[in-house]
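Colleague: I'll drop the sequence and a predicted model, then ask my questions.
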Amino acid sequence: MKYTGLISVEQLASLADHDKVLIVDCRFDLGDTGLGRREFEISHLPGAVYADLDRDLSDQNRHGLGRHPFPSAAQFSRLLSSWGLLPGMQVVCYDGSNASMAARLWWMLRSVGHESVAVLDGGYAAWARAQLPLQTAQTVQTVRTPSHVDLHFDPTRFVDFGEIAADRSAEGLLLIDARPGPRFRGELEPIDPVAGHVPGAINRPVADNLGEDACFKPAATLRAEFAALLQGRPARAVAAMCGSGVTACHNLLAMHHAGMDGARLFAPSWSGWISDPTRPVAIGP
């Protein structure tokens, strides 16, 4: 069986010893960018490799594309090759918070055509709570055999600046921003130099996708909630965004879990939008 959205700790535990599963630890803290690596070195899921948001899942040398620009296809292919990715291999991503970092890698892999990728529901915390095995600094570390990967991003999965700047009402494009409400409304902005949101966007914070246990809400619940937001539009009319193109992928994962595929990503997101001071900014709901 292939997992393409979410995978539970029980399901992963049944796959964890399988040599055709690639587990990727995506733990990362925007306030302490080295924390995820340090946590990984202390303990991680058996056999996992580590993906750093800044160094592996972004290319900080690409300017005007937000705080976490996508790497080039060649860079991403080299990373996947170093992990030993093979065609059809099951990939499982996890992080230590709300699955936003793991969802970023999930979306990146799907965007290069690798569909057998899932996010661990509940992440590292759920695995630890279940008292399942962990690999520590004292255990023998897994060595993966490199492969040769040459993949390309599918441009149809992304929305560009032109589409966002155009009259979206005429096109029916719905821009959904995943940032917390106060940031979306421009009441505070702890990260970017300009507060507010793209005119015409609506707000769907990441926290709305999760239950009290920090796992995703049931598919039927998410389907009803997103259907209310879309108001009859098809999923392909959605463009997901956030501060830098990371947490936006959480909404894309939630929609996939709800059976609503086809939404696209505005990867530069808010930090990319405000890189040009001539672009309009909205404040308030």
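Modeller: Structure received. Numbers count the residues shown, from 1 in each chain.

Colleague: after the helix or strand of the chain with the lowest mean pLDDT, which helix or strand is next?
Modeller: Lowest on mean pLDDT, DSSP states H and E among the helices and strands of the chain sits helix 168-171, with a mean of 71. Using DSSP states H and E, the helix or strand that follows helix 168-171 in sequence is strand 174-177.

Colleague: mean confidence for that next one?
Modeller: Strand 174-177 shows an average pLDDT of 97 in the prediction.

Colleague: ok, the residue nearest to Leu109 when sequence neighbours are not counted - how many residues close by?
Modeller: Sequence neighbours aside, Val117 is the residue nearest to Leu109 in space, at 4.3 Å (criterion: CB to CB, 6 or more residues apart in numbering). Quick note: C-beta positions are derived from backbone N, CA and C, even for glycine. Using other CB atoms under 10 Å, Val117 is surrounded by 25 other residues.

Colleague: now swap in Leu265 and tell me
Modeller: 24.

Colleague: next one: Val159
Modeller: 22.

Colleague: contact partners for Thr4?
Modeller: Glu115, Ser116, Val117, Ala118, His256 (CB atoms under 8 Å, 6 or more residues apart in numbering).

Colleague: so it versus Gly172, what's the distance?
Modeller: 27 Å (CB to CB, to the nearest Å).

Colleague: flag the shaky bits of the stretch 151-285 of the chain, pLDDT-wise.
Modeller: Filtered on pLDDT under 70, the stretch 151-285 of the chain yields the residue ranges 170-171.

Colleague: can you give me the helices in it?
Modeller: 161-165, 168-171, 181-185, 219-230, 248-257, 269-273 (DSSP state H, counting those that start in this stretch).

Colleague: which one of those helices lies nearest to Leu65?
Modeller: helix 269-273 (5.2 Å; CB to CB).

Colleague: list the helices and strands that closest one packs on?
Modeller: helix 161-165 (3 or more CB pairs under 8 Å, 6 or more residues apart in numbering; DSSP states H and E).

Colleague: buried ones in the helix it packs on?
Modeller: Phe161, Ile164 (16 or more other CB atoms under 10 Å).

Colleague: that helix: how far from the chain's middle?
Modeller: How far helix 161-165 lies from its chain's middle: 21 Å, per CA atoms, centre = their mean, to the nearest Å.

Colleague: oh, and call the first residue 286 from now on, that's how I've got it
Modeller: All set: I'll call the first residue 286, so the last point we hit is now helix 446-450.

Colleague: which strands and helices lie in contact with that helix?
Modeller: Using 3+ CB pairs under 8 Å, 6+ apart: helix 446-450 touches helix 554-558.

Colleague: list the buried residues in the helix it packs on.
Modeller: Neighbour-count burial for helix 554-558 [16+ other CB under 10 Å]: Ser554, Trp555, Ser556, Gly557, Trp558.

Colleague: which one of the residues you listed is nearest to Pro354?
Modeller: Distances from Pro354 to those, taken by CB to CB, are shortest for Gly557, at 7.8 Å.

Colleague: any idea how far Pro418 is from the closest one?
Modeller: For Gly557, the distance to Pro418 - CB to CB - is 41 Å.

Colleague: and if you look at Glu497?
Modeller: With CB to CB as the criterion, Glu497 and Pro418 are 27 Å apart.
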